[in-house]
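**Student:** Have a look at this prediction, sequence included:
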Amino acid sequence: MKINKICVKSGIDNIKDYNYLFENKKIGLVTNITGVDKNYNSTVDVINNLYNLEILFAPEHGLRGEYQAGEEVENYIDDITEKTVISLYGDKKVPSNDTLRNIDILIYDIQDLGIRYYTYIYTMYLCMKVCSYNKVKFVILDRINPLGGKLIEGNILDHKYDSFVGMLPIPNVYSLTVGELASYINDTENIKCDLNVIPVKGWKRGVAFYETDLPWIPPSPNIPTLNSALIYGGTCLFEGTNVSEGRGTTKPFEIIGAPWIECHKLSKYLDESNNLEVVYFRPVYFIPTFSKYEKELCSGVQIHIKDYEKFL
């Protein structure tokens, strides 16, 4: 049965409506593998063909998703455009003043998960601050919040616990698009960035990613599916424990477990404690190829979403 999807256009699909921002300007671009238009054309290539693209910046995982979580990325030359790619992960997480002196505009186009501890929003935050300091216009090509933009959950981060997985006093699940978040923090954090947001068209709050016709591109190696993105906000918290969050398996963040867990008992407990119309906790065994418990047999559960609307 064919399901009617809501037609949504991301910021990159609307960029020609904003030619006045980019014509005759020297442009830098912060993006990654999720930067694509409705036809799967890379934002890198779209910008490069339309305007004067001078330099590229890559967050964690690299420009085209070449690197694993936490892996330091060196500066390199992009094979397709032959432009320099400056890494924004590792020792240097922000564009240098020298690189920004050669551009007029810095564009940002990355699909976020709507979760506070997903690092891309801190790349955006630091770029906003350095753009403000250097008087460089900052333009966000907005993308929808994949969780639908209504759900708000979790505690508010205290600034004294700042790290690269948490720099902003926002809840774990914050409900905003990346453009809305940028506008919010520009005011509340007093950044004073010359911020422009090219908005999404066709989306309204409450519409989750699975209800749209947007292509799902894995934003990082351990978020391979939309299910993993939806579940990530909860299971990522296991990173701070001695329980595997499924890294090193084909279902990262959809699977949790450890060698000492009894999967059938855990599954039974969780299923009896929760609404089985929404999720099902299936007992599983798995052997991570890397990360926690590498090459050890683990026992745990896989989280199956049965009703997306109620889950969100």
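**Tutor:** Ah, there it is. Since the model is a prediction, treat every value here as computed from it, not as a measurement. Numbering: from 1, shown residues only.
**Student:** For the rest of this, base every contact and every neighbour count on C-alpha atoms.
**Tutor:** Fine.
**Student:** Residue 198 contacts residue 140, doesn't it?
**Tutor:** Yes - between residue 198 and residue 140 there is a contact under C-alpha atoms under 8 Å: 6.1 Å.
**Student:** higher neighbour count, these two?
**Tutor:** residue 140 (24 against 19; other C-alpha atoms under 10 Å).
**Student:** give me the element that one is part of.
**Tutor:** strand 137-141 (DSSP states H and E).
**Student:** Can you give the contact residues for that strand?
**Tutor:** If you take C-alpha atoms under 8 Å, 6 or more residues apart in numbering as the criterion, strand 137-141 is touched by 10-12, 15, 104-109, 128, 131, 179, 193-199.
**Student:** switch the cut-off to 6 Å
**Tutor:** Identification of contacts with strand 137-141 by C-alpha atoms under 6 Å, 6 or more residues apart in numbering yields 11, 12, 105, 106, 107, 108, 109, 194, 195, 196, 197, 198.
**Student:** Could you give me the ChimeraX selection string for whichever of these are buried?
**Tutor:** To isolate the buried members of the contacts of strand 137-141 in ChimeraX, using 16 or more other C-alpha atoms under 10 Å:
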select :11,12,105,106,107,108,109,195,196,197,198
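**Student:** So which of the contacts of strand 137-141 are in strands?
**Tutor:** 105, 106, 107, 108, 109, 195, 196, 197, 198 (DSSP state E).
**Student:** List just the nearest of those to residue 96.
**Tutor:** Here the nearest of the ones in strands among the contacts of strand 137-141 to residue 96, counting by C-alpha to C-alpha, is residue 106; it sits at 12.4 Å.
**Student:** Just flag the most distant two among the contacts of strand 137-141.
**Tutor:** Largest separation among the contacts of strand 137-141 by C-alpha to C-alpha: 12 and 194, giving 19.2 Å.
**Student:** Model confidence for residue 23, exactly?
**Tutor:** Model confidence at residue 23, given as pLDDT, is 95.
**Student:** what about the residue nearest to residue 47 when sequence neighbours are not counted, which SS state?
**Tutor:** Setting aside the residues directly before and after it, residue 47 is nearest to residue 53 in space (C-alpha to C-alpha, 6 or more residues apart in numbering), at 6.5 Å. Secondary structure state of residue 53, per DSSP: H, G, I helix; E, B strand; the rest coil, is strand.
**Student:** Residue 53 and residue 170: what is the separation?
**Tutor:** Here the criterion is C-alpha to C-alpha, to the nearest Å. By it, residue 53 lies 33 Å from residue 170.
**Student:** likewise residue 241?
**Tutor:** Distance of residue 241 to residue 170, given as C-alpha to C-alpha: 23 Å.
**Student:** and if you look at residue 306?
**Tutor:** Taking C-alpha to C-alpha, one finds residue 306 at 29 Å from residue 170.
**Student:** Comparing the two, which shows the higher neighbour count?
**Tutor:** A direct count of neighbours by other C-alpha under 10 Å for residue 306 and residue 170 places residue 170 higher, at 19 against 13.
**Student:** element containing the residue of the chain most remote from its centre?
**Tutor:** Using C-alpha atoms, centre = their mean, the residue of the chain lying farthest from its centre is residue 265. It sits 33.9 Å away. Assessed by DSSP H and E, residue 265 sits inside helix 263-273.
**Student:** Output that helix as PDB - backbone C-alpha positions only.
**Tutor:** Taking C-alpha atoms only, helix 263-273 is exported to PDB below (Å, rounded to 0.1, in the frame of the first residue of the first chain):
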ATOM      1  CA  CYS A 263      18.500 -11.100  27.800                       C
ATOM      2  CA  HIS A 264      15.300 -13.100  28.300                       C
ATOM      3  CA  LYS A 265      14.800 -11.900  31.900                       C
ATOM      4  CA  LEU A 266      15.500  -8.300  30.800                       C
ATOM      5  CA  SER A 267      13.100  -8.600  27.900                       C
ATOM      6  CA  LYS A 268      10.300 -10.000  30.000                       C
ATOM      7  CA  TYR A 269      10.800  -7.300  32.600                       C
ATOM      8  CA  LEU A 270      10.800  -4.400  30.100                       C
ATOM      9  CA  ASP A 271       7.900  -5.700  28.100                       C
ATOM     10  CA  GLU A 272       5.800  -6.200  31.300                       C
ATOM     11  CA  SER A 273       6.700  -2.700  32.400                       C
END
